[in-house]
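> Fold the following.
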Amino acid sequence: MRRTQAIVACLAVCLGLPHVFCADEKKDEFFTVKTKNYRIESNVSKDYARAIGDLMEDAHKAYSSIFRKVTPKVKFPSIVRVYRTRKGYLKFYKKLAGQSGAASGGFFIRTREGGQLVSFAEGQPLSTMKETLYHEGFHQFLASRVPNAPIWLNEGLATLFQYGQRKGTTLDARVIPVGRLRFLQKAIKENKTKSLSYLMDSTQMDWHRASAVDQYLYYCESWMLVYFLAYSSKGKYRKALNKYIMLLHDGMSPLRARLGAFGGDTYPLEEAWKEFALSREPSPMYVCKENMGLIAVLVMVYQKRLNKRYTDIADFRADILAEKLKGWELPLSGGGKVKSSDLDQIRTWFHCPARHSKGDQPDYLFTRDRDPECEYPDIVCRWHKGTELHLYWYRDPADNKLKPDIIDERAGDRLGLKVAP
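Here you go, the predicted structure:
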């Protein structure tokens, strides 16, 4: 347990978050920190609350870049509450929502005290927590400005910011994850997407009634649509998006706002959007994350079945390409599978797309510097400008199993060495 605490503490520092294991802390005491736009509450520590406040302020700047002229219509305090433990979080969730929140890592809800964003720290992957705060934080932001926003706009923009990469005090939302892009491109090619007029006019009930696959498709379509409107063709469609948001802000219904901003015939817009979506490539950082995740899964399998403890990624790569284990398959995010015999594709997993290398030498490193006793090696990529990717292992309290998570560390921070916030 102490070793796990040390790992999480080290990783949290890399994210700019103090660790969650404070022996002298009163578990029931909530610390409050007020920032320009938020009130942060946490029973982890005051430093932790401050770090969450910094993270949310960076996100607020990114949200505001889309809503420059949209002022809050409903004034309520923006509260962010981060529980130390999952148990405390679930208790609060049930109190507010009246149901179990076991499948969630965080949520936003309007209460008498204002709009509350709630999550938890202990036992949750750090990357997941950041994505949750960015996603749910946008719902909180939009609720005070466009309370009648249609679900496609709300979820599309929330998903856009969810994947944002923090660069200094800026959150860059112009990143494209692998899985969502692959899934959407496949749906477009198979003519399975919904028309833009249907998507823009759909209601929350339409989404809730849809199958799990269709719900995921709605999220992917909405995400790429707002990406297209906000960033494509040097801002060609940004004016229409801004008009749409302002009409909604002024109280117009979603249907009338769509007609007023995009016109009655959305077919040309839809064709341009599809062409844009099909021409996109995933961001190198997300390709790299998928590569590292696939390698991590295979490390678990190969170590167990070959009774080896890998320290050199070149040695591990050689065992895979020599097909020392045959017959395995791995699913890819967004669809598709890779077999043990697909050696050309497997070779690409060991190269970082940001480096553009094609030789036999892997671009990644195995290391156990964080935790020498860990069963599996961490995986590090140092080829992304201004940061490095680090896959580490955490123990999931739900099943007590080791699982991989990937964080992007700041430049100058190597293998858990503490850097200035």
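> Pull the number of nearby residues for residue 344.
A total of 6 residues lie near residue 344 under the criterion other CB atoms under 10 Å. C-betas here are computed from N, CA, C, even on glycine.
> Can you report phi and psi for it?
Here is the backbone geometry of residue 344 (degrees, to the nearest 10): phi -60, psi -40.
> for residue 331, same thing?
Backbone torsions for residue 331, taken as degrees, to the nearest 10, come to phi -80, psi 150.
> Check which residues of stretch 161-181 are buried.
161-166, 171, 173, 176-181 (16 or more other CB atoms under 10 Å).
> would a markdown table of these with secondary structure and distance to residue 127 be doable?
Listed next are the buried residues of stretch 161-181 as a markdown table, based on DSSP: H, G, I helix; E, B strand; the rest coil; distance: CB to CB, whole Å:
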| residue | secondary structure | distance to residue 127 |
| --- | --- | --- |
| 161 | helix | 15 |
| 162 | helix | 11 |
| 163 | coil | 10 |
| 164 | coil | 12 |
| 165 | strand | 11 |
| 166 | strand | 11 |
| 171 | strand | 14 |
| 173 | coil | 16 |
| 176 | coil | 17 |
| 177 | coil | 12 |
| 178 | helix | 15 |
| 179 | helix | 14 |
| 180 | helix | 16 |
| 181 | helix | 18 |
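> Looking at pLDDT only, which of the residues you listed scores worst?
Lowest in pLDDT among the buried residues of stretch 161-181 is residue 166, which has 78.
> For that one, give me its contacts.
Residues in contact with residue 166 (CB atoms under 8 Å, 6 or more residues apart in numbering) are 55, 58, 130, 172, 408.
> Just the ones of the residues you listed in helices?
Members of those lying in helices (criterion: DSSP state H): 55, 58, 130.
> Is residue 380 bridged to anything, and to what?
residue 365, residue 390 (DSSP bridges).
> ok, residue 389 touching residue 289?
Yes: using CB atoms under 8 Å, residue 389 is in contact with residue 289, at 6.5 Å.
> ok so, going back, so which of the ones in helices among the contacts of residue 166 is the most crowded?
Counting by other CB under 10 Å, top hit in the ones in helices among the contacts of residue 166: residue 55 with 23 neighbours.
> Next one: that residue from residue 61, what distance?
Look at residue 55 and residue 61: by CB to CB, to the nearest Å, they are 11 Å apart.
> So this structure: which segments form each domain?
Using automatic domain parsing, the domain parsing of the chain gives 1-145, 284-410.
> So which of those is nearest residue 240?
Minimum separation from residue 240 across the domains of the chain (CB to CB) falls at domain 1-145, 13.2 Å.
> Could I get the average pLDDT for that closest one?
So the average pLDDT for domain 1-145 ends up being 78.
> about what we covered before: out of the domains of the chain, indicate the one that is most buried.
domain 1-145 (a mean of 18; mean count of other CB atoms under 10 Å).
> where do the strands sit along the stretch 251-400 of the chain?
Assigned by DSSP state E, counting those that start in this stretch, the stretch 251-400 of the chain shows strands spanning 329-331, 337-339, 365-367, 378-381, 387-396.
> oh, I was asking about the stretch 1-150 of the chain
All strands of the stretch 1-150 of the chain, identified by DSSP E, counting those that start in this stretch, fall at 31-34, 39-42, 78-83, 106-111, 114-120.
> Tell me which of the ones you listed lies nearest to residue 303.
The minimum distance between residue 303 and the strands of the stretch 1-150 of the chain falls on strand 114-120, with 31.0 Å, by CB to CB.
> other SSEs contacting that closest one?
Strand 114-120 makes packing contacts with strand 78-83, helix 86-97, strand 106-111, helix 126-143 when contacts are defined by 3 or more CB pairs under 8 Å, 6 or more residues apart in numbering; DSSP states H and E.
> start to end distance for stretch 354-364?
12 Å (CA to CA, to the nearest Å).
> can you check stretch 251-268 too?
27 Å.
> Please list the outside residues in contact with that stretch.
Contacts for stretch 251-268 (CB under 8 Å, 6+ apart): 148-150, 195-197, 200-201, 240-241, 243-244, 247-248, 269.
> List the contacts of residue 131.
By CB under 8 Å, 6+ apart, the neighbours of residue 131 are 162-163.
> Roughly how far does it sit from residue 313?
According to CB to CB, residue 131 and residue 313 sit 27 Å apart.
> Same check on residue 54?
34 Å.
> Of the strands of the stretch 251-400 of the chain, which is nearest residue 77?
Residue 77 lies closest to strand 387-396 among the strands of the stretch 251-400 of the chain, at 32.7 Å (CB to CB).
> I'd like to know which elements that closest one is packed against.
Against strand 387-396 (3+ CB pairs under 8 Å, 6+ apart) you get helix 2-14, helix 284-306, strand 378-381, strand 401-410.
> chain center to the second one: distance?
Taking CA atoms, centre = their mean, to the nearest Å, the mean C-alpha location of helix 284-306 is offset from the chain mean by 19 Å.
> what packs against it?
Helix 284-306 packs on helix 178-189, helix 313-321, strand 329-331, strand 378-381, strand 387-396, strand 401-410, going by 3+ CB pairs under 8 Å, 6+ apart.
> mean pLDDT for those: which is lowest?
Averaging pLDDT over each of the helices and strands packed on helix 284-306 singles out strand 401-410 as the lowest, with a mean of 82.
> Residues touching that one, excluding its own?
Applying CB under 8 Å, 6+ apart, the contact partners of strand 401-410 are 11, 14-16, 125-128, 165-166, 285, 289, 292-293, 296-297, 374-376, 384, 386-396, 419.
> Neighbouring strands - and their directions - for that strand?
As assigned by DSSP bridges, strand 401-410 forms pairs with strand 387-396 (antiparallel).
> Which among the strands of the stretch 251-400 of the chain is found nearest to residue 206?
That would be strand 329-331 among the strands of the stretch 251-400 of the chain, by CB to CB, at 28.6 Å.
> what's stretch 277-290 in contact with?
Everything outside stretch 277-290 that qualifies as a contact, by CB under 8 Å, 6+ apart, is 163, 165, 175-179, 181-182, 184-185, 188-189, 224, 228, 332-333, 352-354, 381, 383-384, 389, 406, 408.
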